[in-house]
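Student: here is a sequence together with a model predicted from it:
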Protein chains: 2
Amino acid sequence: MTKPDSNVSRVYAALRRMAADFELKPDERINESALSLQLGASRTPLREALNRLVAEGFLTFRSGRGFYCRSLSPALVMELYEARVAVESETARLAALKASDASLDALLAHVEAGAAEYAASGDAARLLEMDEAFHLEIAALSGNSELRRMVENLNDRVRFIRLMFMKRMIGSGTPQLARLAAHRTIAAAIASRDGEAAAQVMRGHIERRREDAAEAVRIAYSQLYVPDEETS
Amino acid sequence: MTKPDSNVSRVYAALRRMAADFELKPDERINESALSLQLGASRTPLREALNRLVAEGFLTFRSGRGFYCRSLSPALVMELYEARVAVESETARLAALKASDASLDALLAHVEAGAAEYAASGDAARLLEMDEAFHLEIAALSGNSELRRMVENLNDRVRFIRLMFMKRMIGSGTPQLARLAAHRTIAAAIASRDGEAAAQVMRGHIERRREDAAEAVRIAYSQLYVPDEETS
DNA sequence: GCATATCAATCTGTATACAGCTTGACGGAG
DNA sequence: CTCCGTCAAGCTGTATACAGATTGATATGC
């Protein structure tokens, strides 16, 4: 979305990643002078980037007191998952109704191509990346750039939670078969042009993950404040 | 959302209204120096506000060339309506499932309280205001502040189109009975706690309006570039 | 010992200055 | 007449300076 171009977009990209990964701890105040030094830019472009991130929900802003990292509560994450249900069940429906045959074949092919790795991989970050790619591909197939933007934003905002939760699941030896099966089911429903079924399956898939949100936040917190322990 | 406080939020509010009303014409380049003079603030807070509006989809930004007003095309408006379907059918569902009895009674009461005015009024702006209040109340009843934010944003971005279209409908003598009936049906479905029905009715309501989007954009264009003609 | 008032250090909010780029115009060549 | 190169005016991108607000600490009174 943002061009890899000049200073402000570089600062924006760096900040977005930092905010997504909670390198800035929840509710922590952001010191503009220190950050501008750290990022090698002056406060003017830094504040422009910060303002964009506020509008995108990654940061909050209190007048006269500066910028803060967003908070991280179970209730908030539940809301983000509910929003994902709303947006992604619709992208699945639209993809089923509007995508080209060729792009639907490609979707099925991508799922199968990654299936082996997905089922076997013990790398949480890699699994999450593949999972997000799947959801983003469906969003792209919906042909609606606005919905696609929403999916990207919501994915970015729950990434940290999901990553921590996936590490935990991998650590406990649970294989990712259920998730893989769900992806296959979703892709099949979309490919069969059944919009309503696609929407329902996608809804169920995300709602099932939402149930874990509360515990996932707890895990995320424990990881945030004990950063030295290796988790994978 | 933004405090009525200091300079930057005042500039932000003013710009948001200007962008929503297309006082800045579609794809028009924004001259920062001129705008800063007009708004009585320097370029620094102005650019901060502009960046937030970019993130919210009201403006676009091209590196090295400055800020532009968003474009206005039938395809884009269709996308916004599709997004509204996704988000608002879910707010209706959640409102039906999670809102308190008292707040649902209030929703029904508000619809009935405004029914007479809604059916008879010839003031397009007033009608639109009531319509948006209805949708926003449901979004609030969903208990999900993220979805509520999305509804607000989408409503603001299609407001101008809807206003022009409503003026045209009023001018042609079409009463707003269908819309009023739809609101009653939606409110009843939500109040009866039937989430699926509420979602379906809301979906149908917005999708029906979406059909008019292409013509609405055409009307909006004609009004944008012939601003002197009175339309109501 | 506790609460409160005062103050200094720090940080935010904004204006302004300047460098580099963009763009449109003008003039000349083909 | 058209196309292209050159140039100047204007605009954007960013650094920096400074004023006003905030915050935490220290000291004082009860």
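Tutor: Received the coordinates, thanks.
Student: give me the number of residues near A:Gly143?
Tutor: 20 (other C-beta atoms under 10 Å in any protein chain shown). The C-beta positions use only the backbone N, C-alpha and C, and glycine is treated the same way.
Student: quick check: phi and psi on it?
Tutor: Phi and psi for A:Gly143, reported as degrees, to the nearest 10, are phi 70, psi 10.
Student: cool, and A:Tyr68?
Tutor: Torsion angles, degrees, to the nearest 10, at A:Tyr68: phi -130, psi 150.
Student: check A:Glu229 and give its pLDDT.
Tutor: For A:Glu229, the pLDDT comes out at 46.
Student: next one: A:Ala119
Tutor: Reported pLDDT for A:Ala119: 83.
Student: surely it and A:Arg179 touch.
Tutor: No - if you go by C-beta atoms under 8 Å, A:Ala119 and A:Arg179 don't touch, sitting 9.3 Å apart.
Student: more neighbours: which of the two?
Tutor: Neighbour count, other C-beta under 10 Å: between A:Ala119 and A:Arg179, A:Arg179 has more, with 21 against 14.
Student: in terms of helices and strands, where is that one?
Tutor: For A:Arg179, the element it lies in under DSSP states H and E is helix A:177-191.
Student: is any part of that helix close to chain B?
Tutor: No - Helix A:177-191 stays clear of chain B (C-beta under 8 Å from any C-beta of the partner chain), getting no nearer than 15.7 Å.
Student: who does that helix touch, helix- and strand-wise?
Tutor: In this structure, helix A:177-191 packs against helix A:74-98, helix A:101-120, helix A:124-141, helix A:195-210, with contacts taken as 3 or more C-beta pairs under 8 Å, 6 or more residues apart in numbering or on different chains; DSSP states H and E.
Student: how far does the last one sit from the chain's center?
Tutor: So that's helix A:195-210. 17 Å (C-alpha atoms, centre = their mean, to the nearest Å).
Student: buried sites along it?
Tutor: For helix A:195-210, the neighbour count (16 or more other C-beta atoms under 10 Å in any protein chain shown) marks A:195, A:197-203, A:205-206, A:209-210 as buried.
Student: wait, which of those residues is closest to DNA strand D?
Tutor: In terms of C-beta to the nearest atom of the strand, no member of the buried residues of helix A:195-210 lies closer to DNA strand D than A:Arg210, at 34.9 Å.
Student: what residue of chain A is the furthest out?
Tutor: Largest separation from the mean C-alpha position in chain A: A:Gly64, at 30.8 Å (C-alpha atoms, centre = their mean).
Student: in a helix, that's where that residue is, yeah?
Tutor: No - with DSSP: H, G, I helix; E, B strand; the rest coil as the criterion, A:Gly64 is assigned coil and is not in a helix.
Student: so what pLDDT did it get?
Tutor: 90.
Student: can you tell me how far it is from B:Ser36?
Tutor: The spacing between A:Gly64 and B:Ser36, counted by C-beta to C-beta, to the nearest Å, is 22 Å.
Student: and A:Phe22, by the same measure?
Tutor: Taking C-beta to C-beta, one finds A:Phe22 at 36 Å from B:Ser36.
Student: quick one: which of the two has more around it?
Tutor: Using other C-beta under 10 Å, the more surrounded residue of A:Phe22 and B:Ser36 is A:Phe22, with 21 against 17.
Student: I'd say the more buried one and A:Phe160 touch.
Tutor: Yes - contact criterion C-beta under 8 Å: A:Phe22 and A:Phe160 qualify, at 5.2 Å.
Student: mind listing the shared neighbours of these two?
Tutor: With contacts taken as C-beta atoms under 8 Å, 6 or more residues apart in numbering or on different chains, A:Phe22 and A:Phe160 have A:Ala220 as neighbours in common.
Student: isn't A:Ala191 right next to A:Leu107, touching?
Tutor: Yes - taking contacts as C-beta under 8 Å, A:Ala191 lies within contact range of A:Leu107: 6.8 Å.
Student: so if I had to pick from these two, which one is more boxed in?
Tutor: A:Leu107 (23 against 18).
Student: which residues does the closest residue in space to that one that isn't next to it in sequence contact?
Tutor: Nearest residue to A:Leu107 in three dimensions, chain neighbours excluded: A:Ala187, at 5.4 Å (C-beta to C-beta, 6 or more residues apart in numbering or on different chains). Contact partners of A:Ala187, counting by C-beta under 8 Å, 6+ apart, are A:107-108, A:111.
Student: and A:Ala187, how far from A:His135?
Tutor: Counting by C-beta to C-beta - A:Ala187 and A:His135 are separated by 11 Å.
Student: near DNA strand D, which residues of chain A are found?
Tutor: Proximity of chain A to DNA strand D is confined to A:6-8, A:41-45, A:48, A:64-65 under the rule C-beta under 7 Å from any atom of the strand.
Student: closest to B:Met164 out of these?
Tutor: Closest approach to B:Met164 among the residues of chain A next to DNA strand D (C-beta to C-beta): A:Glu48, at 32.9 Å.
Student: any part of the one helix or strand that closest one maps to near chain B?
Tutor: If you go by DSSP H and E, A:Glu48 is part of helix A:43-55. Yes - contact of helix A:43-55 with chain B (C-beta under 8 Å from any C-beta) involves A:44, A:47-49, A:51-55.
Student: are any of those buried, and which?
Tutor: A:47-49, A:51-55.
Student: dump those to a markdown table, plus pLDDT.
Tutor: As requested, those are arranged in a markdown table below (pLDDT from 0 to 100):
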| residue | pLDDT |
| --- | --- |
| A:Arg47 | 97 |
| A:Glu48 | 97 |
| A:Ala49 | 97 |
| A:Asn51 | 97 |
| A:Arg52 | 97 |
| A:Leu53 | 98 |
| A:Val54 | 97 |
| A:Ala55 | 97 |
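Student: check which helices and strands the helix ranked longest in chain A is in contact with.
Tutor: Counting by DSSP state H, the longest helix found in chain A is helix A:145-171. On a contact count with 3+ C-beta pairs under 8 Å, 6+ apart, helix A:145-171 meets helix A:7-20, helix A:74-98, helix A:124-141, helix A:213-224, helix B:74-98.
Student: quick one, what contacts the residue nearest the centre of chain A?
Tutor: For chain A, A:Asn155 is the residue whose C-alpha lies nearest the centre (C-alpha atoms, centre = their mean; 2.0 Å). Counting by C-beta under 8 Å, 6+ apart, A:Asn155 makes contact with A:84, A:132, A:135-136.
Student: and A:Arg218, by the same measure?
Tutor: Counted by C-beta under 8 Å, 6+ apart, A:Arg218 has contacts A:Pro74.
Student: what's the local residue count around the residue lying closest to A:Asn144 once chain neighbours are set aside?
Tutor: What sits nearest to A:Asn144 in space, not counting adjacent residues and going by C-beta to C-beta, 6+ apart, is B:Glu79, at 4.8 Å. Residues near B:Glu79, counting by other C-beta under 10 Å, number 21.
Student: kind regards, and thank you for your time.
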